[in-house]
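A.B. asks: next come a sequence and a model predicted from it.
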Amino acid sequence: MSQVLHPIEQKILRSLLEKQTATPEELAEKTQLSIDQIRRGIEWLKFKNLVQVTESEKSFVKLGTRGREALEKGLPERQLVGYLRSIPVSSCEMSQAKDYLKNEFSPAIANAKKNKWIEIYENRILLKGYHDVTPEERIIKTIASKSPDAMAADEIDDKEAFDLLKKRPDFLDFASTKRMTVNITGKGTIEAQNVGEVADDSVQRAIDVEAPAPVVFAAKSHPLADVISEVREIFVSLGFTELVGNSSQSSFWNFDALFIPQDHPAREMQDTFYIKDMSANSVATPKQVRKVSLEHKNGWHYDWRLDAARKMVLRTHTTCVTIRELADKKYDEARLFSIGRVYRNEKVSYKHLVEFNQVEGVVVGKHVTLRDLMGLQMEFYRKMGIKKAKFWPTFFPYTEPSLQSMIYNERLGKWVELFGMGIFRPEVTKPLGIKDPVLAWGGGIERIAMLRYSLDDVRELYNNRFSWLRSVPKCQ
Amino acid sequence: MPVVTLYFDRIGKLLGRKVSKEKIMSTLPFLGLDIEEEGQDHINVEYSPNRPDFSTDYGIATGLQGLLEIKLGMPTLKIKKGNHAIKADPSVGKIRPYIVAIEALDGKMDDETIRQIITMQEDLHNGIGRRRKKVSIGIHDLDRIKFPLVYKAVERTHRFVPLNSQDAMTASEILEKTETGMTYRHLLESNKKIPVIVDLAGNTISFPPIINSKLTEVTSKSKNLLIEVTASDRNTAEDALAIVAYALQNAGFKLSSVRILGPRNSAPQLQPKKMLLDPALVNGILGLDLTLPAMIRSLKKNQLDAKIKGKQILCLIPRYRADIFGPIDLVEEVALGYGIENLDYTIPEAKSAGQKSKTTIALEAVRDTMVGLGYLEVMNFGLVGKQVQYDMTKQDSSDMISVADSKSQEHQILRDMILPGLVDTLSRNIHEPYPQKIFETGIVFHRGSPVNEEVHLACASAHNDASYTEIKSVLQSLLKSGFDISCTTKNSQNPLFIEGRTADILVDGKKIGMIGELSPQVLDNFKMRVPAAGFEIKLTDLIF
């Protein structure tokens, strides 16, 4: 069975059947197709070996600036002859000729000598011999006769004189054009004979189903948003209910309620973003404020100040949202989580952002244990597809005991830190009236996204490079 | 986090038993130490600031001795009663009221010991010392000092030769000309006078919390040391002194007490703390069923002393463990002694199903619909730069909310609108194929009580035929097909958009956003070469 040809291809082949060789322009005229359609069709046919394309270059010539001057006034050597004829005894001093011919003097002397039109004797130029029209002069005339069109260089017969003229600077201008000729191949001839009448466009016809199609880009959600959604789904599947809280918080909920003393280095401006000139009017109930401040005085031995607790910050973790909810609702039993942006006043680098997403989950219950916390963590990792994880002790100001989990990064072949966890300290829970133990765990989601998309630079997640967003596969 | 360098040969000697490099490396994480860098003969480890006793290799070796069961139980401080005294004058009461001190005698200061001690001193200053505000430590060559010492406040014209200088300087000059002076002078700015420690010969030995004197500088020839700690809090001063004392005892010095006289001051109490631990708390928190002896053994592996007292455990906690506040901290000590790696996981069952927030559910619907309309999701920051947010987009910045002391130009203000970020995103992708259709949802900030946070949606379309009509179709379709909301558009003005091609978006007569074709000048500011149109709406109170 012969292959399926596009109507354009069919039309081109049929015209080539009549006349074996043609230029694209000729084909366009004959088929009534546009030159672009013809060019595209030729490409397809060439690919299928049904036509052969030969490209040739053709050179065209016009008179240059000095060429046009020579047409008017004659070649320099002709001007010299004219000058000598016009003066007595047809002879002059070299210097006189030089004054007359100026820049043309040297070529005039050289060529006139070569033509045997002059002789030089003791610094005088003497006219002699016959002064016939030279081949170069003839070529100038011929080229001029075609003006303003250019003349095909291969139409000039006297190659020797043409070469001489080419050597004279600015006498000739050259331009070249590419020419394409299309020849039908043997295979093409057979195909063309099989082509019937070209189908009417309104009838559904077969198309080249094997030809490549243009690229379109699917609209989709952001890769990081996908990971956030996935994390959220896992928390929900583990029985956690989502909390939403503000990004801007009073220092009280971000730090004081979590037993982070007011003189702690983490609270300094070089680590935390304080909102300029802004304090919360009220931060918590008077009882909460009293009890929390007392805990600080007893535990950390310093003067606790309300105005420091009122200062507004961009939250440095989502724990402020959870602790506030726990303080307000006093659950006996609960599983809660929140996901959101957190902020750190850091230098942006391939591993640090000033703003990133954090997830944090808490479990409240009379009988919850550290082993439960580790188990929930492992379950979370299992659902994320992370196979190897282990735990090391660590320190957080508001949890005790505290652990950090290490997970094995298969691509880098090493253990990397992921979520941190612990049980809220009694100094955190008691002043807020939370009676039962609270397991808490969480961490940055960008780190998981980096693992998922094999990124080494966390900034890529926020660069919004369309080339990346459009190309990164939705399912990994 | 602070870093300590451990040389394997020194650690080997300090442990007192041959332990393989691999064993040391695999045990360190279980002390809460992160291995930062591995060298041929050394490693650098990071320790948590709550364990300042890990600020020297002496402290870390002590910790390893416990976990490796080379030495169990509490190391004791052996302090001989000394004859020397420091008198605290009432004049320091308002500046820096407390001083404690100890002598360390008959030791050897090789270069590495000096390095370890100086690093410890710096870490204590920055950590529990709160950048010297709460505590500062001076270590002196004891043999240069004539006791008794007086700790008192003097005028700023007081002169002496400070460390790292050849000439005498006044206190004012030190605060204005030396590096440490400039770094810490704010700690003294509320007082006219400054505190100094002066000896019997009238020599100034220290100007806390700024600098020591040249006279008492510790060198590798020093054999006997005086350690003084001045502080705004007595308890923390003792914590710091205890940590230094333990390190110097481990370094081979013999300790001798120094009497402290004067109001509110007395000789430091460096005895162990006593604390009762309820075994039910331990087993309850850890989810274990440990016997009392097993708990005691675990505690001893962390260099605490513990014995049964009735149904409880009585713990003795060495003074350098300033991180132990209460019984819950002892629970962690048991866990570490038991071995985190020996804890089996349990997965507690959930009593009820989990749930996403209403905001999340509504936002998911918005995002799905936008993707369905052919828009690609992008993500920008909420903390942005002024240039893009206001200047290049020609927006009014009078209600701008800024953060203090940002380390980066691009993260200085809280966005009040998402669209400028989208235009910036488009401008950074002008080499990518068009059409470009993008959207973003996220939080924006406005002044309120004190800050109002709202969730917005913004979208933009850029290509040769991008137009108001096109983007309005998208807006209508999103609201109608996503939430069955109808909106109207009312002629309006915003320099972001072309005049006559921009409108307010209204739902039930209330403005929820704006829409328009980007003005040529804004496009030009962002070096964009194709037209673009976009809208932004507030989702808070509209769909959740």
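C.D. replies: Okay, I see it. All values derive from a computational prediction rather than experimental measurement.
A.B. asks: for residue 153, give me its contacts.
C.D. replies: The chain I'm using is chain A. Applying Cβ atoms under 8 Å, 6 or more residues apart in numbering or on different chains, we find residue A:153 in contact with A:58-61, A:162, A:174. Quick note: C-beta positions are derived from backbone N, CA and C, even for glycine.
A.B. asks: nope, chain B please
C.D. replies: Applying Cβ under 8 Å, 6+ apart, the residues near residue B:153 are B:89, B:91-92, B:95, B:191, B:193-196.
A.B. asks: try residue A:438
C.D. replies: A:326, A:362-364, A:368, A:423-424, A:429.
A.B. asks: then residue B:419?
C.D. replies: Residues in contact with residue B:419 (Cβ under 8 Å, 6+ apart) are B:393, B:458, B:460, B:496, B:534, B:536.
A.B. asks: pretty sure the last one contacts residue B:458?
C.D. replies: Yes. Proximity of residue B:536 to residue B:458 meets the contact threshold set by Cβ atoms under 8 Å, at 4.0 Å.
A.B. asks: can you list residues touching both of those two?
C.D. replies: Counting by Cβ under 8 Å, 6+ apart, the contacts common to residue B:536 and residue B:458 are B:417-419.
A.B. asks: can you tell me which of the residues you listed is nearest chain A?
C.D. replies: Using Cβ to the nearest Cβ, residue B:418 is the member of these that lies nearest chain A, at 12.5 Å.
A.B. asks: excluding chain neighbours, what is closest to the closest one?
C.D. replies: Leaving aside its chain neighbours, residue B:418 sits nearest to residue B:458 (3.7 Å; criterion: Cβ to Cβ, 6 or more residues apart in numbering or on different chains).
A.B. asks: phi and psi next, for the one you found.
C.D. replies: With angles defined as degrees, to the nearest 10, residue B:458 sits at phi -130, psi 150.
A.B. asks: I'd say it and residue B:423 touch.
C.D. replies: No. When contacts are counted by Cβ under 8 Å, residue B:458 is not listed as touching residue B:423 (9.6 Å).
A.B. asks: hey, what's in contact with both of these two?
C.D. replies: Counting by Cβ under 8 Å, 6+ apart, the common neighbours of residue B:458 and residue B:423 are residue B:534.
A.B. asks: before we move on, back to that, which of the contacts of residue B:153 fall in helices?
C.D. replies: Residues of these located in helices (DSSP state H): none.
A.B. asks: so is stretch B:20-36 next to chain A?
C.D. replies: Yes. Counting by Cβ under 8 Å from any Cβ of the partner chain, chain A is contacted by stretch B:20-36 at B:29-32.
A.B. asks: run a quick neighbour tally on the closest residue to residue B:271 other than its chain neighbours.
C.D. replies: Leaving out its chain neighbours, the residue that sits closest to residue B:271 by Cβ to Cβ, 6+ apart is residue B:319, at 6.8 Å. The local packing of residue B:319 (other Cβ atoms under 10 Å in any protein chain shown) involves 20 other residues.
A.B. asks: sec struct for residue B:319, please.
C.D. replies: Classification of residue B:319 using DSSP: H, G, I helix; E, B strand; the rest coil returns coil.
A.B. asks: how far away is the residue nearest to residue A:6 when sequence neighbours are not counted from residue A:11?
C.D. replies: Nearest non-adjacent residue to residue A:6, counting by Cβ to Cβ, 6+ apart: residue A:208, 6.2 Å away. According to Cβ to Cβ, to the nearest Å, residue A:208 stands 15 Å off from residue A:11.
A.B. asks: which of those two has more neighbours?
C.D. replies: residue A:11 (21 against 13).
A.B. asks: for chain B, what's the nearest residue on the stretch 351-476 of chain A?
C.D. replies: For the stretch 351-476 of chain A, Cβ to the nearest Cβ, closest residue to chain B: residue A:369, 2.9 Å.
A.B. asks: so how far is residue A:44 from that residue?
C.D. replies: Residue A:369 is 71 Å from residue A:44, by Cβ to Cβ.
A.B. asks: again, but for residue A:423
C.D. replies: Relative to residue A:44, residue A:423 is positioned 71 Å away (Cβ to Cβ).
A.B. asks: okay, the two: which has more neighbours?
C.D. replies: Per other Cβ under 10 Å, whichever of residue A:423 and residue A:44 has more neighbours is residue A:423, with 30 against 17.
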